[in-house]
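Undergrad: would you be able to build a 3D model of this:
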Amino acid sequence: MTKRMFTAGSIAFVAILFAWSAARAAEMPNMDTMKKAVEKGAQKVMQTAAPSPTTKAAQAFEKVSKELYPKAKQEGNLIIYSVWDVEHLRAITDAFMKRYPGIKATYWQGRNPEIVTRVLTEFQGGQASVDIILSDNAPPVVRAAGAIASYDTVQRDVLLLHDPTMATVSLQIQALTYNTKKLKPADLPKSWEDVANPKFKGMVALDDPMRAGPLSSMLAGLKGQWKDDNRFNNFIKGLKALGVPVHKSTSAMFRLMIAGEYAICMPALLHDVMEEKAKGTPVDYIKTVPPVVFPRQAGIYIKAPNPNAAKLFAEWAISTQGQQTIDSVGRETSRKDFKSKTSIESAYPKGTKPIPVTDKLFLEDPKKWLDANVKPIWEG
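TA: All right, here's what the predicted structure looks like:
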């Protein structure tokens, strides 16, 4: 009797133990689930611990700066050809020389065609004449002739527009701009394309589309974005039908718009607009129209007499200090993580996607591009 009771009790105990184990197993995730959870947690920790692009760029800059500075100091000089304003070049070179004592930076200022002609003449003559070509249109044209040494910045991940052969140190940001006394908000164009609307006939200060200027670069950007030849051709026809004289100076036509002779400037440069707004000038830009962005680059001449100083300048110009200097003279910066009144992040609504100018033919031979894509319509 006792034995049968013990056996029955043992069986009951085992049954209870089995049931408890099954319940615990049901509550606990299986091994695959636990493994995935651990891996996911580890990835999250790694992502949290990974340095940001800003931190990585700063670390990379400090490293390359330490490597290049002794060599650049031994060279002792830096020669720049640029289209930028003299006062801007003075401020930038002064800041660079202060950061890197022992390097004397000098510059020659000219228009883009003059820079291209001078550099290519020196290149063909085998002259070691200049180190950096600092401009917008000139560096790609010089590169196409084989006179630019390829250099990829170590700070590439923080750039809005990155070119693996030349450092993009600033941007030309084109904004659709208007005179606030000539147009009411309800009457504003809704897009770049809308400027060609017949209702704006005679009201637009228009850049010459057949010169390598802001309007032609804007056309290259829009053509690349639309990928629709009929739409592009109709847009050019619409601009021509506005019946306005074209201008060969962006600054001059901007001034005419400010003076009230025109209601719209097609296009204007964002830093000019911001400067005039700060003065209380009756000018503003349409924030819902995405800006067109064109790279301003520091191309290193292939026969540079001071190649290490040239590389150091290119990296410094992209660094936080260099961008602060560029911003201080009113020029737009090129870093995604640099906030200023002229940065796209600050000047436009969140999520705005700028229209980049990336057409290789336009960048390297704007005349050839214009002759093929614009001239038949504009002059035909």
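Undergrad: show me this structure divided up by domain.
TA: Split into domains by automatic domain parsing, the chain comes to 53-171+295-356, 172-293+370-378.
Undergrad: can you list those in a markdown table and add mean pLDDT and distance to Phe362?
TA: C-beta: built from backbone N, CA, C; applies to glycine. A markdown table is the format used below for those (pLDDT from 0 to 100; distance: least, Cβ to Cβ, whole Å):
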| stretch | mean pLDDT | distance to Phe362 |
| --- | --- | --- |
| domain 53-171+295-356 | 96 | 9 |
| domain 172-293+370-378 | 96 | 4 |
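Undergrad: out of those domains, nearest to Glu364?
TA: Glu364 sits nearest to domain 53-171+295-356 of all the domains of the chain, at 3.7 Å, using Cβ to Cβ.
Undergrad: what about the closest one, start to end distance?
TA: Using Cα to Cα, to the nearest Å, the span of domain 53-171+295-356 from its first residue to its last is 21 Å.
Undergrad: okay, the domains of the chain in CSV with mean neighbour count next?
TA: Listed next are these as CSV, based on neighbours: other Cβ atoms under 10 Å:
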stretch, mean neighbour count
domain 53-171+295-356, 19
domain 172-293+370-378, 18
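Undergrad: any chance of those domains in CSV, plus distance to Glu364?
TA: As requested, the domains of the chain are arranged in CSV below (distance: least, Cβ to Cβ, whole Å):
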stretch, distance to Glu364
domain 53-171+295-356, 4
domain 172-293+370-378, 11
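Undergrad: which parts of this protein are strands?
TA: Per DSSP state E, the chain carries strands over the ranges 77-82, 104-109, 132-135, 148-149, 167-179, 204-207, 246-247, 264-269, 283-285, 292-301, 332-333, 355-356.
Undergrad: export the first one as CSV, just CAs?
TA: Which is strand 77-82. What follows is strand 77-82, C-alpha atoms only, in CSV (Å, rounded to 0.1, in the frame of the first residue of the first chain):
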residue,chain,number,x,y,z
ASN,A,77,54.3,79.7,-50.3
LEU,A,78,50.8,79.3,-51.6
ILE,A,79,49.6,80.9,-54.9
ILE,A,80,45.9,81.3,-55.6
TYR,A,81,44.1,82.3,-58.8
SER,A,82,40.5,83.2,-58.1
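Undergrad: now for it, which elements pack on it?
TA: On a contact count with 3 or more Cβ pairs under 8 Å, 6 or more residues apart in numbering; DSSP states H and E, strand 77-82 meets helix 86-99, strand 104-109, helix 112-124, strand 132-135, helix 307-318.
Undergrad: contacts for that strand next, please.
TA: Contact partners of strand 77-82, identified using Cβ atoms under 8 Å, 6 or more residues apart in numbering, comprise 72, 89, 93, 96, 103-110, 115, 118-119, 129-135, 138, 305-306, 309-310, 313.
Undergrad: what angle separates that strand from helix 86-99?
TA: For strand 77-82 against helix 86-99, the angle by axes from the mean of the first three to the mean of the last three Cα atoms, to 10 degrees is 160 degrees.
Undergrad: partners of strand 77-82, with directions?
TA: strand 104-109 (parallel), strand 132-135 (parallel) (DSSP bridges).
Undergrad: so Ala310 is in contact with Ile133, correct?
TA: No: Ala310 is beyond contact range of Ile133, at 9.8 Å (criterion: Cβ atoms under 8 Å).
Undergrad: where do the contact lists of the two overlap?
TA: Overlap of the contact sets of Ala310 and Ile133 (by Cβ under 8 Å, 6+ apart) consists of 298, 301.
Undergrad: what's the spacing between Cys265 and Lys248?
TA: Cys265 sits 14 Å away from Lys248, going by Cβ to Cβ, to the nearest Å.
Undergrad: do the same with Asp157
TA: Using Cβ to Cβ, Asp157 is found at 38 Å from Lys248.
Undergrad: without its sequence neighbours, what residue ends up closest to Glu379?
TA: Distance criterion Cβ to Cβ, 6 or more residues apart in numbering; nearest residue to Glu379, sequence neighbours excluded, is Met210 at 7.5 Å.
Undergrad: that neighbour contacts Asn373, correct?
TA: No: judged on Cβ under 8 Å, Met210 makes no contact with Asn373 at a distance of 10.9 Å.
Undergrad: ok, Phe294 - contacts?
TA: Contacts for Phe294 (Cβ under 8 Å, 6+ apart) come out as 136, 171-172, 174, 214, 217, 221, 357.
Undergrad: hmm, try it at 6 Å
TA: By Cβ atoms under 6 Å, 6 or more residues apart in numbering, the contact set of Phe294 is 136, 172, 217, 357.
Undergrad: try Gly102
TA: Contacts of Gly102 were listed using Cβ under 6 Å, 6+ apart, and they are Lys73.
Undergrad: which phi and psi does it have?
TA: Dihedral angles of Gly102 (phi, psi; degrees, to the nearest 10) stand at phi 100, psi -10.
Undergrad: could you shift the numbering so residue one becomes 124, and keep it that way?
TA: In the new numbering, first residue 124, that becomes Gly225.
Undergrad: quick one: it and Glu198, what's the gap?
TA: Taking Cβ to Cβ as the measure, Gly225 falls 10 Å from Glu198.
Undergrad: cool, Lys426 as well?
TA: Counting by Cβ to Cβ, the gap between Lys426 and Glu198 amounts to 14 Å.
Undergrad: returning to what we had before: what's the closest of the helices and strands packed on strand 200-205 to Ala328?
TA: Comparing those against Ala328 with Cβ to Cβ, the closest turns out to be helix 235-247 (21.2 Å).
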